[in-house]
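Engineer: need a 3D model of the following:
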Amino acid sequence: DKNIYIAGIILNQVGGERHEGKLRAAIEYYTDIPLIGAVRRDSRLIIEERHLGLMPSNEDKQAQTKINRIAEIVAEQVDLEQLFNIATEAKTVLVGSRYYKYKSQKKEKVKIGIIRDAAFGFYYHNDLEALQEAGADLIFIDALHDSRLPAVDALFIGGGFPEEKMESLSQNNSLKGEIRDAIERAMPVYAECGGLVYLSRQLTWREKTCKMVGALPFDTVIEKRPQGRGYVKFRETGHGLWPLLNSKGQPTEFYAHEFHYSKAINLPSQLTYAYKVLRGQGLDGQNDGIVYKNTLASYVHLRDVENNRWTQRFIHFVRQKCFK
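Structural biologist: Okay, the predicted model is just below:
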C-alpha cells in the first residue's frame, strides 16, 4: 500500500545474533525502511498469564518493577533517540472529545462501596468515572482485610479471581456477615461475575471448597474450560432493578460480554432473572442476572456506553431507595 508510510521497523522475538543478521540483511536488501531495533527472546520479558488472561495489576505488587525491567531491556536493543525523532515528524492526528458526556448532577451524592483488592479488580476505569459523574462518591473496600463494611448506600462488586484468594475471602467472616446482612436489609448491590461467585454459598476449585458470603441460593465451581466467553446479546425481562428500556418504555435488548471459567450449580427452580440470554451462556444458557431483594448479580459484564447508561440507572435506583 503506497499510501502507508512506514518510518521504521523494530523486530521482536528475535532468536539470536544469526537470526537478527539474516533479518537485517533481508530488510536492507528489499526495502529502504530503517531498522531501529531488534528485541530478542528473553524470559525476563514474559508477563505471567493465567486461565482468564494476564495477571491483573491489582494482584501483582511487582508490576512496576517488571515494567521497569522490560523498559531497560528494550532500551538496550532499540535506538530510542531515533524512535523519538520519528515520532516528532509524525503528522498531527485530530482526536475527538470524550465520546460521551453526562448531564450535570446537582442531587445529593450517594456513597457507593467498590470492592477492589487482590481478588476483585475487573473494573472499567471510565465506568467508575461515570458513577462519579452520575453522583456517586466511591469508597473502596478490601474484602481480604477489611473486617467491617463502611457507611455506604450501595455496593458494586466487580469481576476478578476470587478463586485465587478464596481461603482469605472465606476466613473474613465479619465482612461476609455484614455484606449478607446488608443484602437482607435490601441495600442496593450490583455484582458481576467474580462478584456473583463471592455472593454465592460456596466456591469449589481444585477439589477444595470454601464458604462465600451466602447471600444467594446457589453454589459455584471453577471448571477447567471456559463456561462463557465472548460477546453476548441479552434481553431485559422487565424484572431487573434498573432495566434498560426503549423509547416506548419497554424492556429492550443490549450487547455486553462474559468471560468466566466458573459456573453456578444447585440453582433453585424459582429464581427471578433480569436478563434473557439471546446469545451467550449467562447462568444456565437461558437466563442471567439473579434478582434478590435489591441485589442484581450476573455473569455479564456491562459497559457504560451511549446506548446503555447503566451507571446512571444504577445511581438513580440507589437514590430512590436511600432518599425516599
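
Engineer: list the contacts for residue 36?
Structural biologist: Listed by CB atoms under 8 Å, 6 or more residues apart in numbering, the contact partners of residue 36 are 8, 9, 10, 78, 79, 82, 83, 86. Every residue, glycine included, has its C-beta placed from N, CA and C.

Engineer: what do you get if the cut-off is 7 Å, keeping everything else the same?
Structural biologist: 8, 9, 10, 78, 79, 82, 83 (CB atoms under 7 Å, 6 or more residues apart in numbering).

Engineer: got a pLDDT number for it?
Structural biologist: Here the pLDDT value assigned to residue 36 is 95.

Engineer: let me see the backbone angles for it.
Structural biologist: Note on residue 36: backbone dihedrals following degrees, to the nearest 10 are phi -110, psi 0.

Engineer: hang on, the earlier thing: give me the buried subset of the contacts of residue 36.
Structural biologist: For the contacts of residue 36, a burial check counting by 16 or more other CB atoms under 10 Å picks out 8, 9, 78, 79.

Engineer: so of these, which ones are in strands?
Structural biologist: Among the buried ones among the contacts of residue 36, DSSP state E puts residue 9 in strands.

Engineer: can I get the buried ones among the contacts of residue 36 in TSV with distance to residue 37 and pLDDT?
Structural biologist: Putting the buried ones among the contacts of residue 36 into TSV (distance: CB to CB, whole Å; pLDDT from 0 to 100) gives the following:
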residue	distance to residue 37	pLDDT
8	8	94
9	8	96
78	3	96
79	6	95
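
Engineer: for the buried ones among the contacts of residue 36, which one is nearest residue 92?
Structural biologist: Set against residue 92, the nearest of these by CB to CB is residue 8 (19.1 Å).

Engineer: which residue sits closest to residue 241 in space, ignoring its chain neighbours?
Structural biologist: Leaving aside its chain neighbours, residue 241 sits nearest to residue 296 (5.1 Å; criterion: CB to CB, 6 or more residues apart in numbering).

Engineer: which helices and strands sit right next to the helix or strand harbouring the one you found?
Structural biologist: Element membership for residue 296 (DSSP states H and E) is strand 295-298. Contacts defined by 3 or more CB pairs under 7 Å, 6 or more residues apart in numbering; DSSP states H and E place strand 295-298 against strand 189-192, helix 194-199, strand 272-279, strand 287-292.
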